[in-house]
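**Student:** Need a 3D model of the following:
(one chain, ligands or ions: 1)
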Amino acid sequence: MSGTSSGLTPPADAVAPVRHPDAPAPGEPLGAHYGQCFGCGGEQPHGLRLEARAGDGVSVTAEFTVRPAHQGAPGLAHGGVLATALDETLGSLNWLLRTIAVTGRLETDFVRPVPVGTVLYLDAEVTAVAGRKIYSRATGRIGGPEGPVAVRAEALFIEVKVDHFTEHGRPQEIRAAMDDPDQLRRVRAFEVNP
Ligand SMILES: CCCCC/C=C\C/C=C\C/C=C\C/C=C\CCCC(=O)SCCNC(=O)CCNC(=O)[C@H](O)C(C)(C)COP(=O)(O)OP(=O)(O)OC[C@H]1O[C@@H](n2cnc3c(N)ncnc32)[C@H](O)[C@@H]1OP(=O)(O)O
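**Tutor:** Residues are numbered from 1 along each chain as shown. Sure thing, here's the model as predicted:
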């Protein structure tokens, strides 16, 4: 990964990320931020159901098992699905900063094919913050958490207000999210960045 792509190099005034004091402890599962999320939600039959855990500093680890619904070539994970797994893992970092942010840019390297049935072991960290811009990178390994790298990504997330979702999302899903009986998910959606 060169890290030199336009938009992915932190500016000179960028600072180190600060882990929020109320961030989940290292090793603690983050849970899904939204039940219908294709990346992490438990209510999406063909979703990735990615499970992320807090790491040290502003880092996370996550696992995703490639299922038959995720194929591109026969027996192999679709590259877009792998990019989704990276995107979701990177997105979950924002919970450690207690910000709501969306992906502005995601640059992905596909290094090795990933067969169906494989567990992809992901890790991600925020590398720098500059105002609303959050710079991060992620790696996905196969065969174990220390196995060979199959995919990696660099990303730029942009912090947004909750209005981003209420203004652009469909009313029925917004209403359902507001009525979510899961208090933690409601807090994550509405109280972090009102
Ligand atoms: C009520 C219900 C709420 C439900 C919420 C539920 C849960 C909430 C919790 C978490 C949810 C959040 C995310 C989900 C988590 C993980 C899933 C994975 C993440 C995703 O899957 S998320 C979907 C895909 N994502 C999008 O759907 C974004 C579409 N997009 C936009 O909405 C705008 O595009 C936006 C907001 C990005 C920026 O728009 P904007 O107007 O706010 O800001 P602006 O354009 O001024 O950019 C400010 C500075 O960022 C620089 N910048 C911007 N974009 C750049 C780029 N691409 N490359 C390089 N630099 C870029 C500018 O150059 C400027 O830089 P500078 O400040 O230096 O001038």
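**Student:** Strands of this structure, residue ranges please.
**Tutor:** Remark: strands assigned in the chain by DSSP state E are 51-54, 59-65, 101-110, 119-130, 133-142, 149-159.
**Student:** Tell me which of those strands lies nearest to R185.
**Tutor:** For the strands of the chain, the distance to R185 is smallest for strand 51-54, at 13.9 Å, taking CB to CB. Every C-beta, even on glycine, is put in place using the N, C-alpha and C of the backbone.
**Student:** Same list, the strands of the chain, but as JSON lines with distance to D22, mean neighbour count and mean pLDDT please.
**Tutor:** Listed next are the strands of the chain as JSON lines, based on distance: least, CB to CB, whole Å; neighbours: other CB atoms under 10 Å; pLDDT from 0 to 100:
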{"stretch": "strand 51-54", "distance to D22": "11", "mean neighbour count": "22", "mean pLDDT": "97"}
{"stretch": "strand 59-65", "distance to D22": "16", "mean neighbour count": "21", "mean pLDDT": "97"}
{"stretch": "strand 101-110", "distance to D22": "17", "mean neighbour count": "16", "mean pLDDT": "98"}
{"stretch": "strand 119-130", "distance to D22": "16", "mean neighbour count": "20", "mean pLDDT": "98"}
{"stretch": "strand 133-142", "distance to D22": "18", "mean neighbour count": "23", "mean pLDDT": "98"}
{"stretch": "strand 149-159", "distance to D22": "17", "mean neighbour count": "21", "mean pLDDT": "98"}
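**Student:** now the ones you listed in CSV, with distance to the ligand?
**Tutor:** Formatted as CSV, the strands of the chain follow (distance: least, CB to the nearest ligand atom, whole Å):
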stretch, distance to the ligand
strand 51-54, 10
strand 59-65, 11
strand 101-110, 3
strand 119-130, 7
strand 133-142, 5
strand 149-159, 4
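**Student:** out of these, which comes closest to L184?
**Tutor:** Between the strands of the chain, strand 51-54 lies closest to L184; by CB to CB that is 13.6 Å.
**Student:** Could you tell me how far that closest one lies from the centre of the chain?
**Tutor:** In this view, strand 51-54 has its centroid 10 Å away from the chain centroid, taken as CA atoms, centre = their mean, to the nearest Å.
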